[in-house]
Every structure is written in structure tokens, then in C-alpha cells.
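Participant: structure of the sequence below:
(2 chains)
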Amino acid sequence: MMAKNKSPFKVSNNYFEDLEKEILAKVKLSPKKKYLFPSNKALIRYAAALLLLLSVGGMVLLIEPSDLSDASKQISQSQIIDSRSQKAESLVIDEPIVSSNETESFKNEIHKPQTQIEEQAFQELELTEEELDYLEYYLEMDVLNDYLTYNDVNL
Amino acid sequence: MTDTELFELLKDISTREKGFTVLVHDFKERVYWQIRHMVLSHEDSNDLVQEVFIKVFQNIDSFKGDSTLSTWIYRIALNHTLNFLSSKRQRHRFRFTSIEDTMFESLKSDTSFEADEVELKLQKAILLLPDKQRLVFNLRYYDEMPFKEMEKILETTESSLKATYHFAAKKIKEQLLKEEIVKFDFPD
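Facilitator: The predicted model follows:
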């Protein structure tokens, strides 16, 4: 027996009758598949739901202890901050020593020399490296402020 | 018996066995030839066709009637065949000869393959095609399956199947030309 069209493949004459019998015999012997879930989609849905539950549960267990420790840390930190701020409040100076307008006029006085001699002197004013370092030290460390405050220097 | 009548028989457990006997009787030959053109060996085809029908019987409840029964069966058969070829290729990958060469050599010595020299060279050229291209070519060339039907089985567009078939036919013609076979016509 040949295939439908131009096929060079052949089988014996009774092959298909025998094949049919063989298939039917095998089918009777083979147990029918019993699925716990009606379809693959249902299985995937159940698996996804279970996985989600497990992951949520796992996350809760993992996060809870660290949350507690975080909370206790936050409490202790806030206590430290409170005590520090109380101390700081006592040291805060409400009014600035020099107002912004005053500093502005002071700057103008320095940067705008009124006479030619003063201008020349201002231009000739050059600080040595040591003096610059010294000045920098005063500015950085707020030592100048302290010095002026504690020595009652009026600018 | 129509597809719908057969489906009704298969759905009912009391008539399922009778329905399945009809199903095997109606579809066995076509399923066998589809498999045979792909795997070439009669022994492999014989095993595969039995496995396909067992699979059909075991999964009959999952068939919802979205497509025709024949489309569903051919789809199972072709997928099963492609899986078989894929696993055969996997098993064969560390050998010195290609799987196509091995298949062709065993075809030459197969007593159930009666072909002249041209037919033998045609088989060699078909074997050089990728599996899915070979499948489309075989369904069209040997089984004369309309592209519309093929579209449902392979779940691809008709235009894509036509393009695949013509591309496969072109490649085969080129291969036959190399073998000095000048005249060979394929149906559209």
C-alpha cells in the first residue's frame, strides 16, 4: 500500500488492519490519566496562589524582627537627639552679633577706600603665607568670633 | 460519520470505546503517512503512531471542540513527531555524522522504500530542510493538504505557510540542480 501522492514509501498489505488492532489493545491496557487539576491553567493558578502565600508569609517572618530592632533604634536615636537639642537650646544665641546690613556697609567701607592714599595702601596690602594661614585658622575655627566676643572688641 | 457525531460518541464515557475505534479506523492511515514522511523509518513511524493514538485517548477530556477533531489529532501527531526528531537530534549531537546523513543512509537500505535515483535525491534534498520547513513541504507535496487546513493545524497564517512552502521548494530545486536533475516540478 502506498501513500496518497508520489510517495516512495510503502507498507505491507495488512499493515493498517494490524496497526488498528494493536492500538486498540494498547489503549485498553493503558490507564487513563487522572488529573488532580482539570487543566494546566488551573494547576498554574493554584501554584501561583500558593507561592504568593508562602512568599508573603516568609517576608513577614523575615521583616518583623528587623522592624522591631529598627523601631528600638529609632527610639534610642530620638532620645539622644532630644537630649542634644535641649542642651543646644540653652546655648543658642537668638540675635546675631552683627546684622546683615551692618556687614554690608562694613564690606563697602573696606572695599571702597575714600582717598587715593588709602586706595594705594589697600592695593599694596599683601598678606604673607603665614598671615593667610593664620587668618584661615581664625575663620575656620570660629576663634575670631570668640576672641572678639570675649575681649569686648567693638567693630 | 461526521466529526461532530464522533465527538459526541467520545464525550460520553459509555460510548467512548466505540467512538475511539471509529477514530482509529478513520485517522490511522493519514496520521501514519504524516509521521512516516517526517521520520522516514517505518519502525519509528509505527511506534509514534501508536503513541499518538494513546495520547489522544488519554487526553480526550481536554478536547473542548474549539477546532475539528481531525485538526486536533493531526496537531498532536505533528507535535509528537517534531519532539521525537528534536530528541533524536539531541541524542545524535556528539556523533561524527549528521542526523540527516544517518537518516538518509538507513533510508537507502530500507526495503519499504522503493524509489528511483531521482526520488532518492529528492529525499536527500528534503532532508536538508529544517524540520518545520520539511513538515510544511511534506504536508503540501505528499498529502496535498490545502494551506487553509494546514493553517489550523500548525496555527500559522496561510501566507506564512505559502512562503515557507515556496522557499522550501526553491531550496530543493537548487539542491536537485546540484545533483544534475534539471526538471522537477512542484505543485503550487
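
Participant: from chain A, how far off is B:M145?
Facilitator: Distance of B:M145 to chain A, given as CB to the nearest CB, to the nearest Å: 10 Å. Yep, even glycine has a C-beta here, placed from its N, CA and C like the rest.

Participant: excluding sequence neighbours, find me the nearest residue to B:T164.
Facilitator: B:V136 (4.7 Å; CB to CB, 6 or more residues apart in numbering or on different chains).

Participant: mind checking pLDDT for that neighbour?
Facilitator: Looking at B:V136, its pLDDT is 94.

Participant: is it in contact with B:A168, as I believe?
Facilitator: Yes - at 6.4 Å, B:V136 counts as touching B:A168 under the criterion of CB atoms under 8 Å.

Participant: tally of neighbours for the residue nearest to B:T164?
Facilitator: When neighbours are counted by other CB atoms under 10 Å in any protein chain shown, B:V136 registers 25.

Participant: could you do A:L62 as well?
Facilitator: Counted by other CB under 10 Å, the residues lying close to A:L62 total 10.

Participant: so for the helix or strand hosting it, mean pLDDT?
Facilitator: Taking DSSP states H and E as the criterion, A:L62 maps to helix A:40-91. Mean pLDDT, helix A:40-91: 72.

Participant: just stretch B:30-37 next, same as before
Facilitator: Stretch B:30-37 shows a mean pLDDT of 94.

Participant: that one vs chain A: in contact?
Facilitator: Yes - using CB under 8 Å from any CB of the partner chain, stretch B:30-37 reaches chain A at B:32-33, B:36-37.

Participant: of those residues - the most surrounded one?
Facilitator: B:R36 (26 neighbours).

Participant: mind listing what's buried in whatever helix or strand it lives in?
Facilitator: Assigned by DSSP H and E, B:R36 falls within helix B:16-39. Buried residues in helix B:16-39, defined by neighbour count with 16 or more other CB atoms under 10 Å in any protein chain shown: B:16, B:19-20, B:22-24, B:26-39.

Participant: swap in stretch B:127-147?
Facilitator: Quick answer for stretch B:127-147 (16+ other CB under 10 Å): B:127, B:129, B:133-143, B:145, B:147.

Participant: where in chain B is pLDDT low?
Facilitator: Residue ranges of chain B with pLDDT under 70: B:182-184, B:188.

Participant: which residues touch the residue nearest to B:T164?
Facilitator: With contacts defined as CB atoms under 8 Å, 6 or more residues apart in numbering or on different chains, B:V136 is in contact with B:150, B:154, B:161, B:164-165, B:168.

Participant: excluding sequence neighbours, find me the nearest residue to B:S86.
Facilitator: Per CB to CB, 6+ apart, closest to B:S86 is B:D131, 7.5 Å.

Participant: now do that neighbour against B:L85, distance only.
Facilitator: Per CB to CB, to the nearest Å, B:D131 is found 6 Å from B:L85.

Participant: identify the contacts common to these two.
Facilitator: Common neighbours of B:D131 and B:L85 (CB under 8 Å, 6+ apart) are B:M38.

Participant: how close does B:D12 get to B:L6?
Facilitator: For B:D12, the distance to B:L6 - CB to CB - is 11 Å.

Participant: more neighbours, those two?
Facilitator: Neighbour count, other CB under 10 Å: between B:D12 and B:L6, B:L6 has more, with 19 against 10.

Participant: packing partners of the helix or strand that comes right after the helix holding B:R36?
Facilitator: Next helix or strand after helix B:16-39 toward the C-terminus (DSSP H and E): helix B:42-58. Here helix B:42-58 touches helix A:15-29, helix B:16-39, helix B:69-92, going by 3 or more CB pairs under 8 Å, 6 or more residues apart in numbering or on different chains; DSSP states H and E.
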